[in-house]
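Novice: Structure for the following, please:
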Amino acid sequence: MRARRIPPSLIALVLALSCAPPAPTAEEASPPDSVDASRRNAIVRAIERAAPAVVSINVVEIRTRREFPATFRDFWDFFDMPRPQYRLEKRRLDSVGSGFVFDDRGHVLTNYHVIEGADQVDSITLGDGRQFPVEVVGVDERNDLAVLRIQGDAAVPRCAIGHSNDLMPGEWSIAIGNPFGVLMGDAQPTVSVGVISANHRRVSRSVGGGERLYQDMIQTDAAINPGNSGGPLVNAHGEVIGVNTMIFSSSGGSIGLGFAIPIDRARRVAEEIIEYGRRRDPWAGFKVEDVQGLRADFRQELGIRAETGCLVINILKSAPAYTSGLRPGDVVTAINGQPVHTSSDIDFVIWGQFVGDRVALSVDRKGQALAIEFPVEELDSSAAR
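Specialist: Numbering: from 1, shown residues only. Below you'll find the model as predicted:
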């Protein structure tokens, strides 16, 4: 049987295919520009936008030190002679916390507990290493916020301020600050990324020592470590949505339970401090006792029918609540739509208001349901006595 002759054109095609380079993989086919674009994602761009305005806060501690030769110590002790005077010594504590520049006038927002107890707030340090002296404009202890101002006319970057009233659980959150910056000798801020775990969280009153207003908080699993306090929590657009404030942890490190003060409240506090030099103390003008703590015969005598709430026991006639109809013997069952069980429920809502805000009470007056609304006024210390 005679072998069939293979056409030269087919031989040439086979040789061409066998010598051709292998097809590129998907990764090789992707041009370098697209890889770089995927690296600079929304999170990276958000950090690049916010991080330059994040600062480290440096404070000064003033302490006393006895200064006299040790060889004469026994001499002075034996003869009970007056010793030399104590000498004041200043010790600088770098980077005790974080903050961020939030307007074009060089105002810096941070937590009050970052500077609490400091003898002097010395300066702030930007991530690029520049350092500027600052002054304290004012503080709000209950809201745990403080406003500083950079002295001089230096041009500094500022953060874009967003909103916290429309946060969605599961959306990106980025905590920026300078934890342990003093130990590393590096001023640039660090970041941790997570999500909004929950919104409008209320932290137990015992956590703040009774007076600290940790309510309506943002919860995030972005790591908030020592030194992060006062730094910004930002969204995927690089806008500040909260002030990093605290963590729940048995070890002192982050375990995914971080809390931030919502920026909508923090911004109002800061604006009031800048305008008035202080946080004006909101006041309603009445005092209450928990209904559940009252004796049954006393409740019967007053005609109290509400099972829970707070009994109004004292109210000033000059108070806005009295003018609006609240009277002793009324039981407050809700405030601004939130159920009232203890007096702290009322305190927390009032403390979170600003002068001129309106407060709505649901009241039980011997079984009759009433709605009372009044504006919050500034506390007058003479009237409050």
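
Novice: Which residues are in contact with His237?
Specialist: Ala42, Ala46, Arg49, Ala160, Gly162 (C-beta atoms under 8 Å, 6 or more residues apart in numbering). Placement of C-beta: from N, CA and C, glycine included.

Novice: can you confirm it is in a strand?
Specialist: No - counting by DSSP: H, G, I helix; E, B strand; the rest coil, His237 falls outside a strand, being coil.

Novice: What is the neighbour count of Arg278?
Specialist: By other C-beta atoms under 10 Å, the residues close to Arg278 number 12.

Novice: now it: how far from Gly97?
Specialist: 21 Å (C-beta to C-beta, to the nearest Å).

Novice: hang on, the earlier thing: lowest-confidence member of the contacts of His237, which is it?
Specialist: Ranked by pLDDT, those bottom out at Ala42, which scores 91.

Novice: and the residue lying closest to that residue once chain neighbours are set aside, what does it touch?
Specialist: In space, Ala42 comes closest to Ala236 once its chain neighbours are excluded; the distance is 4.8 Å by C-beta to C-beta, 6 or more residues apart in numbering. Going by C-beta under 8 Å, 6+ apart, Ala236 touches Ala42, Ile43, Ala46, Glu171, Trp172, Ile174.

Novice: unless I'm mixing things up, the first one is touching Trp172, no?
Specialist: Yes - with contacts defined as C-beta atoms under 8 Å, Ala42 counts as touching Trp172 at a distance of 7.5 Å.

Novice: who has more neighbours, the two?
Specialist: More neighbours surround Trp172 than the other of Ala42 and Trp172, with 17 against 12 (other C-beta under 10 Å).

Novice: Identify all residues paired with that one through a beta bridge.
Specialist: Beta bridges link Trp172 to Val195 when assigned by DSSP bridges.

Novice: In the protein, where is pLDDT below threshold?
Specialist: Applying pLDDT under 70 to the chain picks out residues 1-33, 63-95, 179-185, 205-211, 249-256, 381-385.

Novice: According to the record, where do the domains of it fall?
Specialist: Listed by automatic domain parsing, the domain ranges of the chain are 50-81+91-150, 160-276, 282-384.

Novice: contacts for the longest helix along the chain?
Specialist: Longest helix in the chain, counting residues (DSSP state H): helix 263-276. For helix 263-276, the external contacting residues (C-beta under 8 Å, 6+ apart) are 102, 107, 109, 137-140, 143, 145, 147, 161-165, 216, 240-243, 278-280, 352, 354.

Novice: at 7 Å instead, please
Specialist: For helix 263-276, contacts defined as C-beta atoms under 7 Å, 6 or more residues apart in numbering pick out 102, 107, 109, 137-138, 140, 143, 145, 147, 161-165, 216, 240-243, 279-280, 354.

Novice: Show me which of those are buried.
Specialist: Neighbour counting over the contacts of helix 263-276 (16 or more other C-beta atoms under 10 Å) leaves 102, 107, 109, 137-138, 140, 143, 145, 147, 161-162, 164, 216, 240-243, 279-280 as the buried ones.

Novice: Would you report which members of those residues are assigned to strands?
Specialist: His107, Leu109, Val137, Gly138, Asp140, Leu145, Val147, Ile161, Val240, Ile241, Gly242, Val243 (DSSP state E).
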